[in-house]
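> missing the sequence, but the structure's below:
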């Protein structure tokens with residue numbers, strides 16, 4: 001498992017504070033709005049919107065909030081006009097970073113992201129400088145429940161998944177972006193609850209980071225993820241799991 005995957009797993013296991021829950025709701029609302037803006041409000045023809053709404057429901061977001069976000073995206077209600085933006089850069093130790101944001105002011109966001117990078121030992125990169133190091137993968141996480149690993153593996157491989165691994169009390173299934181929805185549907189048809197379903201950017205190779213630089217990388221990840229416009233931060237670091245577990249995310 002890559003360092004960034006470990007980071008994501010440990011964050012997920014931490015208690016979710018009210019402030020982070022509010023940040024999560026804001027992220028989801030922005031994603032629903034821009035998904036509806038770019039692909040329309042019809043779920044059957046807009047997989048990005050379906051995924052965002054699934055995430056909203058799994059986070060217990062009120063249905064009225066979801067409906068308003070869709071209507072703002074389609075223009076049925078007035079609202080802020082958001083844009084997708086992606087920034088590339090480097091962290092301490094030469095760690096490659098991709099920051100995906102949704103913003104209503106690109107000039108403000110790029111300035112703030114650049115400042116955060118420079119303040120925490122990183123640097124802003126040109127378009128295309130690190131994106132080639134990452135590829136898209138679907139990740140679906142389900143509780144172990146009563147199914148054996150072999151039974152779960154049979155279900156997801158038949159649906160087109162790439163792999164399955166055990167992570168604590170959960171199964172983590174990886175897929176290509178093209179097979180993601182089919183695998184998710186196969187799991188749901190078996191009445192297996194889905195804890196998490198996302199399409200991530202996964203690094204092709206990782207960079208080992210240790211000592212003080214590891215702490216700096218994790219702090220940079222934290223401040224980038226806490227930025228109001230940030231949706232996702234991807235990185236190719238490999239940091240010892242004990243260091244990750246002890247970091248106060």
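That came through, no problem. On a predicted model such as this, the values are computed, not experimentally measured, just so you know. Numbering: from 1, shown residues only.
> Residue 51 contacts residue 197, doesn't it?
Yes. Judged on Cβ atoms under 8 Å, residue 51 makes contact with residue 197 at a distance of 6.9 Å. Where C-beta positions appear, they are placed from N, C-alpha and C, glycine not excepted.
> got the domain boundaries for this structure?
3-74, 83-132+205-239, 134-203 (automatic domain parsing).
> I'd like these as JSON lines, with mean pLDDT appended.
As requested, the domains of the chain are exported to JSON lines (pLDDT from 0 to 100):
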{"stretch": "domain 3-74", "mean pLDDT": "82"}
{"stretch": "domain 83-132+205-239", "mean pLDDT": "94"}
{"stretch": "domain 134-203", "mean pLDDT": "91"}
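> Distance to residue 246 and mean neighbour count added to those domains, as a markdown table?
Formatted as a markdown table, the domains of the chain follow (distance: least, Cβ to Cβ, whole Å; neighbours: other Cβ atoms under 10 Å):
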| stretch | distance to residue 246 | mean neighbour count |
| --- | --- | --- |
| domain 3-74 | 10 | 17 |
| domain 83-132+205-239 | 10 | 18 |
| domain 134-203 | 18 | 16 |
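> Including distance to residue 245, could these go into CSV?
CSV is the format used below for these (distance: least, Cβ to Cβ, whole Å):
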stretch, distance to residue 245
domain 3-74, 6
domain 83-132+205-239, 10
domain 134-203, 13
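> where's residue 196 relative to residue 55, distance?
Per Cβ to Cβ, to the nearest Å, residue 196 is found 8 Å from residue 55.
> actually residue 109, sorry about that
Taken as Cβ to Cβ, the span from residue 109 to residue 55 is 22 Å.
> Give me the distance from the lengthiest helix in the chain to the chain's centre.
In the chain, with assignment by DSSP state H, the single longest helix is helix 18-39. Chain-centre distance of helix 18-39: 12 Å, with Cα atoms, centre = their mean, to the nearest Å.
> Give the other helices and strands that the helix or strand just after that helix contacts.
Next helix or strand after helix 18-39 toward the C-terminus (DSSP states H and E): helix 47-58. For helix 47-58, the packing partners by 3 or more Cβ pairs under 8 Å, 6 or more residues apart in numbering; DSSP states H and E come out as helix 18-39, helix 63-74, strand 196-203.
> relative to helix 18-39, how tilted is helix 47-58?
150 degrees (axes from the mean of the first three to the mean of the last three Cα atoms, to 10 degrees).
> Run the angle between helix 47-58 and helix 63-74 for me.
160 degrees.
> And the strands in this structure?
83-90, 96-103, 123-125, 134-143, 163-167, 170-175, 196-203, 207-208, 230-235, 237-238 (DSSP state E).
> Format the ones you listed as CSV; extra columns: distance to residue 154.
Below are these laid out as CSV (distance: least, Cβ to Cβ, whole Å):
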stretch, distance to residue 154
strand 83-90, 37
strand 96-103, 34
strand 123-125, 43
strand 134-143, 14
strand 163-167, 10
strand 170-175, 12
strand 196-203, 19
strand 207-208, 36
strand 230-235, 31
strand 237-238, 32
